[in-house]
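Asks: predicted model, plus sequence, below.
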Amino acid sequence: MTRILGIDPGFERLGIAVLEKSQKDRKEKIIFSECFKTSSKLDFSERLCLIGEEIKKIIQEYKPEVLAIETLFLNTNQKTVMHVAEARGVVIYEAIQAKLKIFEATPLQVKVATTGYGRATKEQIMKMVKILIDLDKIKKSDDELDAIAIALTIFAHKKF
């Protein structure tokens, strides 16, 4: 059985999902997912600390073997990119401390793995994630669905 911690990196909203698949299972199962939020009223360093604490707690509770995290997509707001990069660093640090294998997925890899099409829209990815995996009745945030898509991508690419 393999458990993957999927992360959609961010510092205001961090998509987190733990997926599991055994050798006999045909489909991956969601063990846990959330959109972890930090308050803009806090200093950025405090927000990073909260992210690290949350990731450490989830790793200890769900015991994934693998971290699947999206590579950084550069946009025009460099301050935002830098903050997201720092949040990614905190997540990767906690994964390394817990001795997780680390796999990164590009946005293109996520699109191809979930939809089969490299120019898929966000809406198409979200629709396919809901088809590919049994989601409970509770609506998942876009950040959670992104984290699930990232974990599914690593399952597809690494053939666990």
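Replies: It's in. Residues are numbered from 1 along each chain as shown.

Asks: would you list every one of the helices in the chain?
Replies: 44-62, 78-97, 107-115, 122-132, 142-158 (DSSP state H).

Asks: tell me the most buried of these?
Replies: Greatest average neighbour count among these goes to helix 142-158 (a mean of 25), per mean count of other Cβ atoms under 10 Å. For glycine as for every other residue, the C-beta is placed from the backbone atoms N, C-alpha and C.

Asks: that helix packs against which elements?
Replies: Judged by 3 or more Cβ pairs under 8 Å, 6 or more residues apart in numbering; DSSP states H and E, helix 142-158 is in contact with strand 2-8, strand 13-21, strand 29-37, strand 66-70, strand 101-105, helix 107-115, helix 122-132.

Asks: need the helix or strand of this protein with the lowest average pLDDT.
Replies: Ranked by mean pLDDT, DSSP states H and E, the weakest helix or strand in the chain is helix 122-132, scoring a mean of 91.

Asks: contacts for that helix, please.
Replies: With contact meaning Cβ atoms under 8 Å, 6 or more residues apart in numbering, helix 122-132 is reached by 27-28, 110-111, 114-115, 117, 120, 135, 142, 145-146, 148-149, 152.

Asks: do the same with stretch 22-34
Replies: Residues from elsewhere that reach stretch 22-34, judged by Cβ under 8 Å, 6+ apart: 1-3, 15-21, 58, 61-62, 132-136, 140, 144, 147-148, 151-152, 155.
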